[in-house]
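Asker: sharing a model that was predicted from the sequence below.
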Protein chains: 2
Amino acid sequence: MASDIEIARAAKLKPIQEIGERLDIPSDHLLPFGHDKAKISEEFIKSLAEKEDGKLILVTAISPTPAGEGKTTTTVGLGDALNAIGKNAAVCLREASLGPCFGMKGGAAGGGHAQVVPMESMNLHFTGDFHAITSAHNLLSAMIDNHIYWDNAQEIDSRRVTWRRVLDMNDRSLRTITTSLGGVVNGFPREAGFDITVASEVMAILCLADDLEDLQKRLGDIIIGYRRDRSPVYCRDIGADGAMTVLLQQAMQPNLVQTLENNPAFVHGGPFANIAHGCNSVVATKTALKLADYVVTEAGFGADLGAEKFFDIKCRKAGLKPDAAVIVATIRALKMNGGVAKGDLGIENVNAVEKGCSNLGRHIENVRQFGVPAVVAINHIIGDSDAEIQAIKDYVEEKGAQAIISKHWANGSAGATELAEKVVELAESGTSQFAPLYQDELPLMEKISTIAKRIYRAEEVLADKKVRNQLKQWEDQGFGKLPVCMAKTQYSFSTDPDLRGAPTGHSMPIREVRLSAGAGFIVVICGEIMTMPGLPRKPAAESIHLNAKGEIEGLF
Amino acid sequence: MASDIEIARAAKLKPIQEIGERLDIPSDHLLPFGHDKAKISEEFIKSLAEKEDGKLILVTAISPTPAGEGKTTTTVGLGDALNAIGKNAAVCLREASLGPCFGMKGGAAGGGHAQVVPMESMNLHFTGDFHAITSAHNLLSAMIDNHIYWDNAQEIDSRRVTWRRVLDMNDRSLRTITTSLGGVVNGFPREAGFDITVASEVMAILCLADDLEDLQKRLGDIIIGYRRDRSPVYCRDIGADGAMTVLLQQAMQPNLVQTLENNPAFVHGGPFANIAHGCNSVVATKTALKLADYVVTEAGFGADLGAEKFFDIKCRKAGLKPDAAVIVATIRALKMNGGVAKGDLGIENVNAVEKGCSNLGRHIENVRQFGVPAVVAINHIIGDSDAEIQAIKDYVEEKGAQAIISKHWANGSAGATELAEKVVELAESGTSQFAPLYQDELPLMEKISTIAKRIYRAEEVLADKKVRNQLKQWEDQGFGKLPVCMAKTQYSFSTDPDLRGAPTGHSMPIREVRLSAGAGFIVVICGEIMTMPGLPRKPAAESIHLNAKGEIEGLF
């Protein structure tokens, strides 16, 4: 079998205008970036308002393991298969972050015969959206220190500036720094730091905003820090929201690319799945729903984190109603959930598969709690044994659902038609009764506790007085109706990353809560959250280079 | 008269493919960025090798004053006028830096009826080149600290890391910082800092590299710091040059846009004119020379700094032979050189013009030293009096040259045909005998002294033992053949910015020398050089916003 990059390079890409034509986008409303990428004009998007929406399918997964589940690959394969069985389908994915590409190997555009292309560009600068976000974020940072430097009319307490800086780079040295050293002309020294761009609240805002007007309003709502009296200072108080919107104007337009099978793919936005909600942009999803009969999208991490946020944050805020969900698993990942070490995954082990199924079962139950019908897709890997496959099928059937083997990685759309047909059956059955897990009006602490008990099956939530007081204060200030955005390890339902399977009875301690007033959620941090990764001992960057043909090597 | 932005918005832009067609660039060799910008493919550029070069015209200026000279406006006006009189002409300009746009008002795409469009995009993200440079630069920074973090196999002395970080932002707080605070996992604390992206050596390298291969070689040659034994550590020693080249692959392709009169404009690269050479890229200039009969380009600051570096660094390195030079002046700027305060520029003052002409005369003499025939363009401003104009004309005629009134700002090409005809006459006369000011073999200290005495008319160069030893050491290490890149105030021939006109007899103290081994020059610093600007008390960003029509306001 050829490698991902060999398959991607061999793909015959169509001019992006032809892909747009499939969706009835006139070519003058496509802003081209090269011959194979384009942004869709705001004017065209606005013209779609009265059109009916297509069906929305969420692809989610079991708790992630080092074995890999293939959520993006399955999203792409399912999209292609829906097209193959005669549906007009599009996929919606997140953009890749530049930083990690130079750290660990691995692109973010699917794999095998289920990929989105152009792969190199998508893993590098793409259409510049992340650079625009970096610029907008850091303009605000510069304006904050500049405001303090000149006369600090807003009386910002420089010890209480919460707005950091960002770079789309893995650079641990910038996590904690002191700035403005070197004398009077460089400002007032203070402690500061950088996060990676995907962790920026600007990223979350861009992904949740309806349009440019909403974008500017949300940017203005960002809390940049506090005064001595603890009152918040907003981005609009120092007049940065207008210029930030200008920097983001083009980045707000969704990007259109294509799959290996020349089907439309919207790739737009990429917020962290821990301190943010981890889905592609609302604008892209809504635009796709107007243009396609089926829209397949994915959410970050496993269903406990990713699907929950997709439902409770993105769908709630954007008024989206998903029609079906696909829960992706691999035999190897289930084995790991069943206690098998990575080195032993090649050995048939039906017992371990059965044991690991508890994790899958929990995710099936959870998705159902949102009223969305689900199917399990077993992303087939060469070496999966018939007995192992049967074990999963039996388990899922007992749970009242169906598990389907899908071979899109090896065969593209032809390998995923059964899955596509099942998805169509579920979506057209009209059985989806989507509702978020909790109401806006529920107190913040109860929202947290609802998710912890019903999704993570924790026995109790531990929060000290400081956390409870903070939540109470935000409720008093009018932020009580916001949803909560849980930040915890993605590897377990508990806060212990090593506790695989389907643990119960655990406690969930809250370390810290943060208000993302612009994005519109309260971040609840239960464990270490890394917002600026580091590079490994031997970074991928050392191997990345152009070959003699000018092709990129080592990026994937 | 309409404002610059009103004129730019009223322009009827042609599809960029049509502009490419004018230069015989097939549309599949144009990588579009929107409908009005494109990058030219490397393959197409390589196919031009055997073609003859057009004529190269340098636009330079008198010493800059707050009154403004209009070098870019004149470059664009002359390009349009050359096309208007039947020549196939293109202009070559630098890209604008994002940072300053949010500080002081003012775009970088010409003015009046002599502009390059699309103006908004050119002053924002454009085709992402500067973002790519920022990424490549900061990848190297992250890899340096990561190298030290893991095992420091190269034994980099963390106190002697000279490679900083960059952002395309005016942010004084980042000039001097301490990094890697916060504990073991964040690395070894050290003093560090950020420059603005245009000050990056990567920017200078991109602008001087012949092609991707040369780019990677030069990136590898960057000195990132020193070991305890003072031996240099190169970028290639930590394996960053390959990945940096990948990040810059697309940025190396020159950008094609158009003037208001739909003539081709190459806008590519934008290194600082103090710590770097201040000209657009060699690749863009060389490509334009293959495709047009006349290529008009500009250099930063006045002729003492900008033209000298254009000739001694860019032309020397790239083997370019300029055919003529245009020295731009305005009556108002000459009055300021003659001692008039900014508030009094509206009052006719022939005496002051005559006095200020000494500055112009010195630049005319200097350009002649390079063997290039020159004409003076008086960039006409409403209110210039006939007597003042006549005074300049007489002065320039005495100097054996000609001064031409040019009204491109008000009238576009129609206002600059006399200038265009004179430029054609000079260029086709074959009188240009271009040669750099000094030979590669001259010792570094003598190179500095040659420029100081022949161009700045300094009496002496003051350099302490430390500087002289450093230059000697670089000569011993094989860097003696590099040209020198002078970094001094642009406002005076001397190192005192208030000393206008044509001072003589001054001393020129050297504060510091730096080696840009990748770019290939020695930077000689004579005075304060700001490599990270700050924002003003009321930054332009506070007024920048989208209007109700979605148009950008306040950026210009």
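Answerer: Happy to help now that I have it. Numbers count the residues shown, from 1 in each chain, chains lettered A, B, ... in the order given.

Asker: my read: residue A:79 touches residue A:262, true?
Answerer: No: counting by C-beta atoms under 8 Å, residue A:79 does not reach residue A:262; the two are 11.5 Å apart. Just so you know, the C-beta spots here come from the backbone N, C-alpha and C atoms, and that holds for glycine as well.

Asker: what's in contact with stretch A:130-137?
Answerer: Taking contacts as C-beta atoms under 8 Å, 6 or more residues apart in numbering or on different chains, the residues outside stretch A:130-137 that touch it are A:95, A:97-98, A:125, A:165-168, A:197-198, A:200, A:202-203, A:206, A:219, A:244, A:247-248, A:250-251, A:270, B:98, B:125, B:128, B:131, B:134-135, B:168-169.

Asker: please name the nearest non-neighbouring residue to residue A:449.
Answerer: residue A:461 (5.0 Å; C-beta to C-beta, 6 or more residues apart in numbering or on different chains).

Asker: also residue A:291?
Answerer: Excluding the flanking residues, the one nearest residue A:291 by C-beta to C-beta, 6+ apart is residue A:23, at 4.1 Å.

Asker: now the helices for the stretch 101-250 of chain A?
Answerer: A:119-122, A:129-150, A:201-208, A:212-221, A:241-248 (DSSP state H, counting those that start in this stretch).

Asker: show me what the fourth one is in contact with.
Answerer: Spelled out, that is helix A:212-221. Where contact means C-beta under 8 Å, 6+ apart, the residues beyond helix A:212-221 that reach it are A:42, A:136, A:202, A:205-206, A:208-209, A:234-236, A:240-242, A:244-245, A:248-249, A:252, A:517-520, B:545-546, B:550.

Asker: could you look up the SS state of residue A:356?
Answerer: In the three-state summary, residue A:356 is assigned as helix, counting by DSSP: H, G, I helix; E, B strand; the rest coil.

Asker: quick one: low-confidence parts of chain A?
Answerer: Counting by pLDDT under 70, the ranges of chain A that qualify are A:105-107.

Asker: how is it divided into domains?
Answerer: Taking automatic domain parsing as the domain assignment, the record places the domains of chain A at A:4-128+A:251-428, A:129-248, A:444-526.

Asker: among the helices of the stretch 101-250 of chain A, which comes closest to residue A:327?
Answerer: Ranking those by proximity to residue A:327 (C-beta to C-beta) places helix A:201-208 first, at 22.9 Å.

Asker: if you count neighbours, what's buried in stretch A:210-222?
Answerer: If you call a residue buried by 16 or more other C-beta atoms under 10 Å in any protein chain shown, then stretch A:210-222 has these buried ones: A:210, A:212, A:215-222.

Asker: and for stretch A:417-430?
Answerer: If you call a residue buried by 16+ other C-beta under 10 Å, then stretch A:417-430 has these buried ones: A:417-420, A:422-424, A:426-427.

Asker: could you dump it to PDB, C-alpha only?
Answerer: Output in PDB follows, covering the C-alpha atoms of stretch A:417-430 (Å, rounded to 0.1, in the frame of the first residue of the first chain):
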ATOM      1  CA  THR A 417     -21.000   2.500   1.400                       C
ATOM      2  CA  GLU A 418     -22.600   0.300   4.000                       C
ATOM      3  CA  LEU A 419     -21.800   2.900   6.600                       C
ATOM      4  CA  ALA A 420     -23.200   5.700   4.400                       C
ATOM      5  CA  GLU A 421     -26.400   3.800   3.800                       C
ATOM      6  CA  LYS A 422     -26.900   3.200   7.500                       C
ATOM      7  CA  VAL A 423     -26.300   6.900   8.200                       C
ATOM      8  CA  VAL A 424     -28.900   7.900   5.500                       C
ATOM      9  CA  GLU A 425     -31.400   5.500   7.100                       C
ATOM     10  CA  LEU A 426     -30.800   7.000  10.600                       C
ATOM     11  CA  ALA A 427     -30.900  10.600   9.400                       C
ATOM     12  CA  GLU A 428     -34.000  10.100   7.300                       C
ATOM     13  CA  SER A 429     -35.800   8.200   9.900                       C
ATOM     14  CA  GLY A 430     -36.600  11.500  11.700                       C
END
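
Asker: thought residue A:173 was touching residue B:178?
Answerer: No: using C-beta under 8 Å, residue A:173 is not in contact with residue B:178, being 9.9 Å away.
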